[in-house]
Structures are given as structure tokens and as C-alpha cells.
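Enquirer: below is the structure, and that's it, no one-letter string:
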């Protein structure tokens, strides 16, 4: 279970987008973290993008660490396709609902952790405790999740330089925005 103060901050993450409030929340979030995280926050540019990427990222990383330490279970449940579509509609995840309209099988596996439901391709770990080593670093206008390599599972490498990949994905997003296709379900409908 997340500490109440972390849960409260995560639920109010929109405040990070407010220029003045975001900066003060970044400072408070950095107080909870070690020197390495504090230095990462200080190296990022000031302003709204910094507040969103760093402040939210610092709190998200803290929340992820707590989930890992608590070995929070990832519960897998098989749903009839119509029931899964209803679930995602109720949760406001219309993009997932739309993807299921194109599935051929009558059942789908849905994972849940602490009331958050989602659908993934492939298998998930039984609990968050299996993800002991990770880093969440600011990258451009967002964040990059870093995980260890299978050859060295206890060491998280430095963030790779992925400028071309980032620019390509950003360009694809812009093209999708222009033609009003922002999810896989919308692409399927086109």
C-alpha cells in the first residue's frame, strides 16, 4: 500500500503542470528522495515541462519503489470479451474497449493492481517485488523507464541516447494527431 502522502500527491499530479505550484511540489518531492534523484531534478530545465516531467517522475518513482517493496500482486483474471469491454468503458479507457472490438477470441486476460485495470500482450510478473532494480529519468518532455539487462540483472544502465527513436515516435504522434488517429483502436476503425 502506498504511503498516504504519496497517494495524495499522485492523485493530484495535475498540480505539477501549474507553473508556480509545480516548482514548489518538485522541491517537496525531492526532499523524499536520495541525492542522486535530487541532482537529476536540479539538472532539468526550469518551468512547466520540468515540473511535469521531474516532479511527477520523482513521485511516480517513489510510488513504484513502494509497490516493489510491498510486493504488490498483479492479479490476472480472464474476462468474457463483452465483460472486459464493459469494464474498460466503466474505467474511462475507451481506447482499450475499441481494441477489443477487433479481437477474435471470446475471452481476454486483464491484470489489476490496486484498483488499476489494464490489458497487456504477453505475461506479467506475479507481483511488483520482482522489479527491484529500475530507474525513471527525465527525457525530453517526459520520462524514460530504465531496466537492467538480462546479462546483468542487478545493474541499471545509463539511459541510452535514443534521439532518433524519440523524434520518430514524436513525428508519428504528430501525424496521428493531424489525421485524428491517436490510438490503435482508431487506426483499426480508419
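Expert: That came through, no problem. Since the structure is predicted, the reported quantities are computational estimates derived from the model, not experimental observations.

Enquirer: so which residues of this structure form helices?
Expert: Under the criterion DSSP state H, the chain contains helices at 4-11, 19-31, 35-43, 48-50, 56-69, 81-90, 94-100, 163-178, 184-189.

Enquirer: looking at those helices, which has the lowest confidence?
Expert: Across those, helix 4-11 has the smallest mean pLDDT, namely a mean of 45.

Enquirer: distance of residue 73 relative to residue 113?
Expert: To residue 113, residue 73 is 7 Å away according to CB to CB, to the nearest Å. In this view, the C-beta of every residue, glycine as well, is placed from N, C-alpha and C.

Enquirer: shared neighbours of those two, which are they?
Expert: Common neighbours of residue 73 and residue 113 (criterion: CB atoms under 8 Å, 6 or more residues apart in numbering): residue 128.

Enquirer: tell me, how many residues neighbour residue 85?
Expert: When counting by other CB atoms under 10 Å, one arrives at 20 neighbours for residue 85.

Enquirer: surely it is in contact with residue 99?
Expert: No. Residue 85 lies out of contact with residue 99 (CB atoms under 8 Å); the separation is 9.5 Å.

Enquirer: quick one: contacts for the closest residue to residue 60 other than its chain neighbours?
Expert: Spatial nearest neighbour of residue 60, excluding adjacent residues (CB to CB, 6 or more residues apart in numbering): residue 136 at 6.2 Å. By CB under 8 Å, 6+ apart, residue 136 lies in contact with 57, 60-61, 64, 143-146.

Enquirer: list buried residues within the residues you listed.
Expert: With neighbours counted using 16 or more other CB atoms under 10 Å, the contacts of residue 136 contain these buried positions: 57, 60-61, 64, 143, 146.

Enquirer: any chance of the residues you listed in TSV, plus distance to residue 185?
Expert: Below are the buried ones among the contacts of residue 136 laid out as TSV (distance: CB to CB, whole Å):
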residue	distance to residue 185
57	28
60	26
61	30
64	28
143	25
146	29
